[in-house]
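Student: Quick one, structure for this:
(chains A and B)
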Amino acid sequence: MVDQAEQLDSEQLLYMYRKMVTIREFEEAAGRLAEQARIPGAVHLYAGEEAVAVGVCAALDPTDAITSTHRGHGHCIAKGGDVKLMFAELLGKATGYNHGKGGSMHIADVDIGILGANGIVGGGPPIAIGAAFAAKYQKNGGVAVCFSGDGSTNEGTWHEAMNMAALMKLPAIFIVENNHWGEYTRQEAQGAIPQLSLRAASYGMPGITVDGQDVVAVNAAAREAIDRARRGEGPSLIECDTYRFYNHTGMSEGDARPREEREHWRARDPLTILRGVLEQRAILSGTGADRVVDDVRKEIEEAVRFAEASPEPDPADLLTDVYTV
Amino acid sequence: MTTTAPTGTRELSYLRAINEAIMLEMERDSSVFVAGIDLAARGDVFGTTAGILPKFGPERIIDTPISENAIAGLAIGAASRGLRPVVSLMFMDFIGVCFDQIMNQMAKMKYMFGGKVTLPLTVLVNAGAGSSMAAQHSQSLEALLCHIPGLKVVMPSSADDAKGLMTAAMRDNNPVFVVLHKRCARLTTLVPEGEYIVPLGKARVVREGRDATVIATAYMVHEAMRAAERLAERGIEIEVVDPRTLSPLDTDTLVASVQKTHRVLTVHEAVEFGGFGGEITAQIAAKAFDYLDAPPMRLGAPFSPVPYSPVLEREWLINADKIHDAVVSLVEG
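Tutor: The predicted model follows:
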C-alpha cells in the first residue's frame, strides 16, 4: 500500500485524513444526539467505513454526481457537504439541507452532485445511471458514482442498473460497501456469493475487491475506475471490504454481530491505518494528528450548536415543494 | 370529417399527435431525449415514436433493455442533472415492475430534498382493455398514480388534447405521467399544426347538456358520447366533461357543471372500487352537495382482474349501454 500512498502528495493525504476524522466525529455526535432523542428519526452511522466514501470522493470533481444510501452521512461529508446544514437537517430544522423535510435518510446537495441519501435499499443505482447518462449526453466528462451496500446487490434495481450502464457504456462507478451485514443478518446468509465484485463479470465490466479500511487503496481503485469512465470505456464495480462500528441503527452495540468480529474490525480502524501512513511518511506527527481531531471536534460542536439554535420549520411550509411551480 | 379543416389544422390520429408533440419538443429543446423498450428502431410497439430515430439519431432516442427500474431511474437521474427525459414504460401494467422508482424516488425527491431538485420528466404508459390482452396488459391504474403527491397525471381522450397535453407535460418541470388509452390510439380529430399546448389541470366540456353531468376519462369519453346520442332521443341531454388531467384535478369545472345539471355520473374504465371516480364524487359531494337532486353515481369496471375471453372482457368493460342505463336511472330515478 505504500506504493499507492506515494502517488498521493501530503496535501491529498491530509485532506483525506481530515475528511475521515470529520465523518467519525460527525457520526459520534449524531449517535449521541439520537440517543438523547434530540434527533427525532433514525440514524444509520457510517463510523468504520470512512475510508470508502473519502477514498472515492477524493477522486471526484465537484461537478460529478453521487447517489448514496440510508447510511449516507459519510458520502455527503466526503463529497463536500456542509456539516452545519447536515446537523440542522438531522434535527429537522428549517436551516437544514432539506429544510427539515428529509432527515438523515434523504440528505442531498444537488449543487455539488449529491443526489441524495436514500431510504430504499437499491433505490440509488437506477438514479445513478441516469446521472451518468446525463454526463455522457452533455459530453461534459462527468461521472456518477453509485454507493450501495452489500444488501443492495440482492435487489433487482442494482442488477438492472449494472446491466444498462455496461450496455450503454455509461460513465458510472458502482461502489459496493460490503460491511458484511444487511441489517441484522450476515451477508453470507443473504447473498449467494460472498465476493460481490465477482458480480461485475455478469455485466462485462471490471470488478475488484479492495481493502475498504485503507483509504489509499480505495482511492487508487477509484481513480482507475473514474479515469476509465471519463475515457468513455464504461462502468466498473469496486467492492470495498469494510465494517460498520455500530449497530444497524444508532449507537447501541447490543447487536447480532459477535464481539470478536467487532473487535477484529475495530483493530482495523481506517483512521488509525491512515494515521500510520501519515506518520510513516512524516507528514503528520502523533500530536499533529491529535490537533486535527481537536479542530474537527470544535467544528462539529459549532455545527451542532448552529443546528440546535436554528428555527423549526414553519408549519405554513408543509405543502411547499411538493411540486415545482 | 366532412367539413374543411380550419387553417392550421389537419386530421391526425391520437398516436400521431403524441408523436408530433414529441418531435416538436425535440426540435425546440436539445435537452429532450426519449428512452424505452423498442422505441428507436421499432418506433414503439404502439407506433408512438415512429420516425424519431431517422430524424434525431440514436443519441436522442434510445432503445433500452427490458428493465423498467433502470428506465425510470434513467429518467430521474438524467432529469436531476438538467435533461428533459421522455421515457415509455409501454403497458401501464408495467408500472408495477418499477413502482419503487415511481413512488419513492421520482415522486418524492423534490419534497424530500426541500425543493432543491427539479425533475422535468415525462412518462408514457398505455392503458386500457378491449383487445384480449388479459390481466397484465389491460389495466387502467391511474388511481394508483393520483394517490401519490409529487406526480402529475394526464389522460387524454382525443388527438388534439393528446398533442396539447403531451406538449404541456414535456414543458412541465415535474414528473408527469401521460396515460394513453389503446382504444383512442387510432381515433382522429383536427389537430393544430405547430406548437399547441393544452394546460395541465384544465377540464374540457366535450358536450353541453342540462339534465346530468357525465364525467368520463380516456376512452370512456367516447362511450359517453355514444350514450349521449341515444339519451338525447329519449329527451335526456347530458353534459360530458373530460377532466383530461386527473392530478392536479380541475375541480372547479366539474363542480360548475354539476351546479348546472344537478346530477352527476362519473365513468372510468378502471375498476370502480377505490377508483378515481370516488375522489371526484367526494369532491362534488363536498363542494356542490346543495345542488344535487340525486345521489352522485359512479360507474367503473367490476372488481376483478381484466379477463381474457372476449365474452368475459365485454362483460367486464363499461360501454355506452351501461352508461345509458346508469344515466336513465340517475335522471328518471
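Student: remind me which residues of the chain are low pLDDT?
Tutor: Using chain A. For chain A, applying pLDDT under 70 flags the ranges A:1-3, A:253-254.
Student: not what I meant, chain B
Tutor: Counting by pLDDT under 70, the ranges of chain B that qualify are B:1-4.
Student: residue nearest the centroid of it?
Tutor: For chain B, the residue nearest the mean C-alpha position is B:Met155 (1.2 Å; C-alpha atoms, centre = their mean).
Student: check contacts around it.
Tutor: If you count contacts by C-beta atoms under 8 Å, 6 or more residues apart in numbering or on different chains, B:Met155 has them with B:Ala127, B:Glu142, B:Val179, B:His181, B:Thr217, B:Ala218, B:Pro243, B:Arg244, B:Thr245, B:Leu246. Yep, even glycine has a C-beta here, placed from its N, CA and C like the rest.
Student: quick one, helices of the stretch 51-200 of chain B?
Tutor: B:52-56, B:68-80, B:99-100, B:109-112, B:142-146, B:159-171 (DSSP state H, counting those that start in this stretch).
Student: typo on my end, it should be chain A
Tutor: Using DSSP state H, the helices of chain A run over residues A:2-6, A:10-35, A:50-57, A:73-78, A:83-90, A:124-138, A:156-167, A:215-230, A:259-266, A:270-280, A:286-309.
Student: Now do the last one: everything it contacts.
Tutor: Identification of contacts with helix A:286-309 by C-beta under 8 Å, 6+ apart yields A:14, A:17-18, A:21-22, A:25-26, A:29, A:33, A:38, A:83-84, A:86-88, A:90-91, A:93, A:95-96, A:275, A:278-279, A:284.
Student: and chain B, which of these reach it?
Tutor: Under the cut-off given by C-beta under 8 Å from any C-beta of the partner chain, chain B has A:Gly96 from these close to it.
Student: Select only the buried ones of the contacts of helix A:286-309 in PyMOL?
Tutor: A single PyMOL command selects the buried members of the contacts of helix A:286-309 (16 or more other C-beta atoms under 10 Å in any protein chain shown):
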select buried, chain A and resi 14+17+18+21+22+25+26+29+33+83+84+86+87+88+90+91+93+95+96+275+278+284
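Student: before we move on, the earlier item: not counting sequence-adjacent ones, nearest residue to the residue nearest to the centre of chain B?
Tutor: B:Val179 (4.5 Å; C-beta to C-beta, 6 or more residues apart in numbering or on different chains).
Student: does that neighbour have beta-bridge partners, and which?
Tutor: B:Val125 (DSSP bridges).
Student: On the three-state scheme, B:Asp293 is what?
Tutor: coil (DSSP: H, G, I helix; E, B strand; the rest coil).
Student: For B:Leu330, see how far away the closest residue in space to it that isn't next to it in sequence is.
Tutor: Distances taken as C-beta to C-beta, 6+ apart place B:His262 nearest to B:Asp293, at 4.2 Å, with adjacent residues excluded. Distance, B:His262 to B:Leu330, using C-beta to C-beta, to the nearest Å: 10 Å.
Student: and if you look at B:Leu121?
Tutor: Computed with C-beta to C-beta, the distance linking B:Leu121 and B:Leu330 is 40 Å.
Student: How about B:Gly278?
Tutor: B:Gly278 is 17 Å from B:Leu330, by C-beta to C-beta.
Student: more neighbours, these two?
Tutor: Taking other C-beta atoms under 10 Å in any protein chain shown, B:Gly278 and B:Leu330 do not tie; B:Leu330 has more neighbours (23 against 15).
Student: can you pull the contacts of that one?
Tutor: B:Leu330 makes contact with B:Ala212, B:Arg263, B:Val264, B:Leu265, B:Ala294, B:Met297, according to C-beta under 8 Å, 6+ apart.
Student: that older thread, just say which of the helices of the stretch 51-200 of chain B is most tucked in.
Tutor: Highest mean neighbour count of the helices of the stretch 51-200 of chain B: helix B:68-80, a mean of 30 (counted as mean count of other C-beta atoms under 10 Å in any protein chain shown).
Student: So which elements touch that helix?
Tutor: Judged by 3 or more C-beta pairs under 8 Å, 6 or more residues apart in numbering or on different chains; DSSP states H and E, helix B:68-80 is in contact with helix A:124-138, helix A:156-167, strand B:32-36, strand B:84-91.
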